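Colleague: any chance you can model this:
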Amino acid sequence: MAAPVYILGGYQTDFARNWMKENKDVVGMMQESVTGGLAATGIDAKEVEVAHVGNFASELYCKQGHLGGFLGEIDPALSGIPTSRHEAACASGSVSIMMAAAEIEAGRYNVALVIGVEQMKTVDPGTGGDFLGTAGWYEHESKGVEFPFPKLFGRLGDEYEKRFGLKDEHLARIAEINFSNARRNPHAQTRGWFTNETQNLSSGKYANPVAGRLKVRDCSQVTDGAASLFLASEAFAKQYAARRGLQLDQLPRILGWGHRTAPMRFDTKIAESKNSPYVLPHTRQAIVDAFRRASLADVWGVQGIETHDCFTPSEYMAIDHFGLTKPGESWKAIEEGVIELGGKLPVNASGGLIGCGHPVGATGTRQALDAFKQVTGQAGEYQIDGAKKIATLNIGGSGTTTVAMVIGA
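Modeller: Numbers count the residues shown, from 1 in each chain. From the prediction side, this is the model:
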C-alpha cells in the first residue's frame with residue numbers, strides 16, 4: 001500500500017481578473033499563489049522541499065518557458081529546491097499533483113508545492129483558440145480551423161446524440177447550474193455576471209452559436225489564474241496537525257487516483273469506443289481506478305464532484321462516466337436535480353470551468369483545492385453539507401489525458 005499523501009491547503013487567485021490590464025505577468029500570478037498559499041497554510045517557505053508547476057502553453061501566451069526557475073525569484077527560501085514543469089493540456093495541474101504525490105510516496109520529500117498557472121488574456125480570441133488547438137493533433141484537427149476545441153467537444157455531443165439521443169435543453173441546464181453555483185464563489189470569474197438565480201440563457205448573447213451545436217453558454221471561460229496546493233508526507237502531516245491544534249485524521253488525503261491517456265485524435269478515440277458502453281472508456285477507467293484505490297464501491301461513496309466542464313457535453317459525459325446514471329442516461333440526473341447544490345450528489349459546486357473559470361494549467365489544482373475546502377468545511381456559501389469525500393475529474397485535450405482523484409479525510 002502506497003504511503004499516504006496529505007493536502008494541507010493552498011490558494012486560488014481571483015479568476016475574474018485580467019492580469020495584463022493590471023500590467024502584471026505570469027510570474028506575478030505564480031507569486032501571488034505561492035505567497036497566498038504559504039499564508040493560508042501557515043507553512044514556512046523553508047519547509048518546502050520540492051515544487052511542481054502545471055502549465056499548458058506559457059511559451060505561446062506569454063513567450064515564457066522554464067517556469068520552475070521562478071520559484072527562487074518568488075521567495076529566496078525556495079532558491080535551490082528542485083523544480084519541474086508538467087504539461088498535459090488542460091490536465092497539466094492534476095498531472096503536476098500526481099508527480100508531486102509520487103515523490104512523497106517514494107519518500108524523497110516531505111513537503112511539496114504544486115502550482116497550476118495560465119495567463120490567457122494576452123491575445124485575441126482567434127489567436128487564443130489557435131493556441132488551444134495545440135492540445136489536439138494540430139496538423140490534423142486544428143490548423144486553419146476557427147475555434148477548434150468547441151468544434152471537437154461539439155462532436156462529443158454529436159456522438160451522444162448518435163448513440164443515445166441528446167437534447168440541448170439538458171446541456172443548457174448544466175450551464176445554468178454552474179453559473180448559479182458560481183454566484184456563491186468569491187473567486188469565480190462569472191460571479192457577477194447575473195443578478196439573480198434564474199439567469200436566462202435561452203436568448204441573447206449566451207444563446208449565440210459558437211461551433212456546431214455549442215452556444216456561448218456551453219463554453220468555459222478564457223481565464224487568467226493560478227492555484228497552489230501543498231502536499232505532505234504522513235511524518236510532516238503529524239507535526240503540522242499538532243502545531244495547528246488538529247488531529248491527523250482531520251487533514252485531507254488523496255485517497256485514490258486514476259491517470260489514463262487515450263489516443264490524441266478525437267476520431268481514434270471514438271473508433272476505440274465503438275463496442276464500449278462509454279463514449280470515452282479511458283476516462284471511465286481513470287474514474288474506476290480512483291474509486292478502487294480509494295476503496296469505494298461506486299460514486300455514491302463521495303458527497304460531491306468537481307468535474308471538467310470545458311464544454312457542457314464534457315460534463316454531460318462525466319455524469320454517466322462517474323456512474324450517476326447508466327451510460328447515455330445523464331439527462332436523468334439533470335432532470336431529477338441530482339447534480340444541483342443541495343441535490344443527492346452535487347456536481348461543480350464551485351461553478352466548474354464554465355462558472356468559476358478555466359485557466360488551463362491551473363484547473364486541476366483549483367479542483368483539488370476546492371475538494372480540500374469542501375471536506376474541511378471551508379467552502380463558504382457553496383459548501384456541500386456533510387462533505388467527507390470529493391471526487392475530481394480533469395481532462396486534457398479532447399479526452400486524451402484524464403486524471404481522477406478522490407480527496408477526503
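
Colleague: for the lowest-mean-pLDDT helix or strand in the chain, packing partners?
Modeller: Within the chain, confidence by mean pLDDT, DSSP states H and E is lowest for strand 209-211 among all helices and strands, at a mean of 90. Other elements packing on strand 209-211 under the criterion 3 or more Cβ pairs under 8 Å, 6 or more residues apart in numbering; DSSP states H and E are helix 148-163. Using the backbone N, CA and C atoms, a C-beta is placed for each residue, glycine as well.

Colleague: mind listing what's buried in the helix it packs on?
Modeller: Across helix 148-163, burial judged by 16 or more other Cβ atoms under 10 Å covers Pro148, Phe149, Pro150, Lys151, Leu152, Phe153, Gly154, Arg155, Leu156, Gly157, Glu159, Tyr160.

Colleague: right, and the helix or strand after the host helix or strand of Tyr240?
Modeller: Secondary-structure element containing Tyr240, defined by DSSP states H and E: helix 234-243. Using DSSP H and E, the helix or strand that follows helix 234-243 in sequence is strand 253-261.

Colleague: ramachandran coordinates for Leu214?
Modeller: phi -90, psi 140 (degrees, to the nearest 10).

Colleague: so what's it up against?
Modeller: Pro150, Phe153, Gly154, Gly157, Phe311, Thr312, Pro313 (Cβ atoms under 8 Å, 6 or more residues apart in numbering).

Colleague: how about the buried residues of helix 148-163 in TSV, adding pLDDT and distance to Ile7?
Modeller: Putting the buried residues of helix 148-163 into TSV (pLDDT from 0 to 100; distance: Cβ to Cβ, whole Å) gives the following:
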residue	pLDDT	distance to Ile7
Pro148	92	35
Phe149	93	30
Pro150	92	33
Lys151	92	36
Leu152	92	32
Phe153	94	30
Gly154	91	35
Arg155	94	36
Leu156	96	31
Gly157	96	34
Glu159	96	35
Tyr160	97	34
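
Colleague: just give me the neighbour total for Lys274.
Modeller: Lys274 has 6 neighbouring residues, counting by other Cβ atoms under 10 Å.

Colleague: quick check: it vs Lys162, distance?
Modeller: 12 Å (Cβ to Cβ, to the nearest Å).

Colleague: Glu169 belongs to a helix?
Modeller: Yes: assessed by DSSP: H, G, I helix; E, B strand; the rest coil, Glu169 belongs to a helix.

Colleague: run a quick neighbour tally on it.
Modeller: Glu169 has 11 neighbouring residues, counting by other Cβ under 10 Å.

Colleague: just Gly107 next, same as before
Modeller: Gly107: 10 surrounding residues under other Cβ under 10 Å.

Colleague: quick one: secondary structure of the closest residue to it other than its chain neighbours?
Modeller: When the adjacent residues along the chain are set aside, Gly107 lies closest to Ala3, with 7.0 Å between them (Cβ to Cβ, 6 or more residues apart in numbering). Following three-state DSSP, Ala3 is assigned to coil.
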